[in-house]
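Asker: Provided below are the primary sequence and the corresponding predicted coordinates.
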Amino acid sequence: MTTRAPARVRTAALLLAAASGAGLLAAGPASADPGRTAAQARADAAAAVSAAQAAGSAVARAQDELTRSTAAVGSAVSQSVQAQVEADRSAAQAEREKAAATARVRSLYMDGALGAGTAGARRGLALLSSAVSGGDPAVAERAFAAVRRTDRERVAQQEAGASAARQRALDAQSGATAAVATMRDVAAQVSRADDALRLAQSRVEALQGEAARLQAAEDAAAALAAAQAAAASLNASAAGRAATVHARGVPADYAGLYVRGAATCPGMRPELLAAVGQVESGHGVNTGPSSAGAVGPMQFMPATFAAYAVDGDGDGDVDAQDPADAVFTAAAYLCANGAGKGREAEASAVFRYNHADWYVQMVQRVADELAAQGFGS
């Protein structure tokens, strides 16, 4: 058949457009690139989507080609069967014509065949002479030759027809074989196109996932930067306000608690407890829960107070709102975190109390001012 090669060429072109043209097979799966941005990943994903759409169209066209090839196979096989039937019929007709010619010749000699020698042959020729209404043997022989010539021509004609029919059957069979081969090739190519499409789809999913992750990372980074900027601004503002805080007079009842509480931690300055008490509650003036839930004169979170609680007044009860319990517990907490072991350890302990550098600087400055004023001496 003449359509086999073009069908293969068309299908190959479709696959080329779906695979190499779109760059799908060579590209491979998406890989993480530390330098990629979400915008680049989105652009790559969009390109992959376009390539996948092209691959999908190519698959659809290849499937249409397969449908046409399948229909061509049915037609070619039907034509092959019909051609073979016609060849068989022509061959049978030629055989019948040969048999008829043989029978006619035999009938001319039948009577002679039943006799013997020249006499029998003459009787056969006599029958032929009678058939042509003449008694001349020469005429009879010419008539016999004419019959044989006519028979040979008719047999040759039938055999030529049978030969042509056989050739047509062979051509039709060849066409059917070619059509089947084309359909098989197209089916295999459709399968490869489907594989290319699945690869394209997986690449799209990978690229879209990467783009989403990168976008989420960029959004998180932007949010972190904004939060850091806000925290820096807040810290700067808090540090500015903290710089205006100075030591104030300490009530006598609290002054005694600070001195006795500091004595429970070797090396701890009583001014440190007094500074924390001033900063946290103004020495018991503001003991209500803070916005974070801290309570009492030393503003403890309930869980932290429970972990370090000290019965400062020995009444058998511990209460974060009780000044003695609160101050002695603060001494225990600061001591456990390094207070009493030098300036840097003291700063570290205060930082654990409130995680802000400006807070540490403010508490130590107030403590230094109290010490300069003679507190605790």
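Answerer: Thanks, I have it.
Asker: for this protein, what are the low-confidence residue spans?
Answerer: 1-32, 105-144, 147, 231, 234-235, 238-239, 242 (pLDDT under 70).
Asker: Name the single longest helix found in it.
Answerer: helix 137-242 (DSSP state H).
Asker: Which elements pack onto that one?
Answerer: Here helix 137-242 touches helix 4-18, helix 24-27, helix 38-114, helix 117-131, helix 357-372, going by 3 or more Cβ pairs under 8 Å, 6 or more residues apart in numbering; DSSP states H and E. Every residue, glycine included, has its C-beta placed from N, CA and C.
Asker: tilt between that helix and helix 38-114?
Answerer: 170 degrees (axes from the mean of the first three to the mean of the last three Cα atoms, to 10 degrees).
Asker: now the angle between helix 357-372 and helix 137-242, please.
Answerer: 20 degrees.
Asker: So which bits of the one helix or strand Glu346 maps to are buried?
Answerer: In this assignment (DSSP states H and E), Glu346 forms part of helix 343-353. Residues of helix 343-353 classed as buried: Glu346, Ala347, Ser348, Ala349, Val350, Phe351, Arg352, Tyr353 (neighbour count, 16 or more other Cβ atoms under 10 Å).
Asker: what separates the closest residue to Gln373 other than its chain neighbours from Gly282, distance-wise?
Answerer: In space, and not counting its chain neighbours, Gln373 is closest to Ala247: 6.4 Å by Cβ to Cβ, 6 or more residues apart in numbering. Here Ala247 is placed at a distance of 12 Å from Gly282 (Cβ to Cβ, to the nearest Å).
Asker: So those two - more neighbours on which side?
Answerer: Neighbours were tallied for Ala247 and for Gly282 using other Cβ atoms under 10 Å; the higher tally belongs to Ala247 (19 against 14).
Asker: Surely the more buried one touches Ala275?
Answerer: Yes: if you go by Cβ atoms under 8 Å, Ala247 and Ala275 touch, sitting 7.3 Å apart.
Asker: Give me the common contacts of the two.
Answerer: Listed as contacting both Ala247 and Ala275 by Cβ atoms under 8 Å, 6 or more residues apart in numbering are Val366, Ala367, Leu370.
Asker: Dump those residues into TSV; add distance to Ala178 as well.
Answerer: What follows is those, written out as TSV (distance: Cβ to Cβ, whole Å):
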residue	distance to Ala178
Val366	101
Ala367	101
Leu370	106
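Asker: and of those, the nearest to Glu86?
Answerer: Val366 (117.9 Å; Cβ to Cβ).
Asker: quick one: Ala339 is in a strand?
Answerer: No: applying DSSP: H, G, I helix; E, B strand; the rest coil, one finds Ala339 to be coil, outside a strand.
Asker: who touches it in this structure?
Answerer: With Cβ under 8 Å, 6+ apart as the criterion, the residues that contact Ala339 are Cys265, Gly267, Met268, Leu272, Ala345, Glu346, Ala349, Val350.
Asker: Now do the phi/psi pair for it.
Answerer: Dihedral pair for Ala339: phi -60, psi 140, per degrees, to the nearest 10.
Asker: Kindly report the same for Gly340.
Answerer: phi 90, psi 0.
Asker: How about it, nearest residue that isn't a chain neighbour?
Answerer: Nearest residue to Gly340 in three dimensions, chain neighbours excluded: Gly267, at 3.2 Å (Cβ to Cβ, 6+ apart).
Asker: next one: Ala292
Answerer: Met301 is the one closest to Ala292 (Cβ to Cβ, 6+ apart), at 7.2 Å.
Asker: was I right about that neighbour contacting Ser290?
Answerer: No: contact criterion Cβ under 8 Å: Met301 and Ser290 do not qualify, at 9.1 Å.
Asker: in stretch 71-79, what's buried?
Answerer: Buried residues in stretch 71-79 (16+ other Cβ under 10 Å): Ala72, Val73, Ala76, Val77, Gln79.
Asker: Output that stretch in PDB with nothing but the alpha carbons.
Answerer: Taking C-alpha atoms only, stretch 71-79 is exported to PDB below (Å, rounded to 0.1, in the frame of the first residue of the first chain):
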ATOM      1  CA  ALA A  71      -9.800   1.300   9.700                       C
ATOM      2  CA  ALA A  72      -7.300   0.900   6.800                       C
ATOM      3  CA  VAL A  73      -6.400  -2.500   8.100                       C
ATOM      4  CA  GLY A  74     -10.100  -3.600   8.000                       C
ATOM      5  CA  SER A  75     -10.500  -2.300   4.400                       C
ATOM      6  CA  ALA A  76      -7.200  -3.800   3.200                       C
ATOM      7  CA  VAL A  77      -8.000  -7.200   4.700                       C
ATOM      8  CA  SER A  78     -11.500  -7.200   3.100                       C
ATOM      9  CA  GLN A  79     -10.000  -6.300  -0.300                       C
END
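Asker: what's the distance between it and the middle of its chain?
Answerer: 40 Å (Cα atoms, centre = their mean, to the nearest Å).
Asker: Please consider this matter closed, and thank you.
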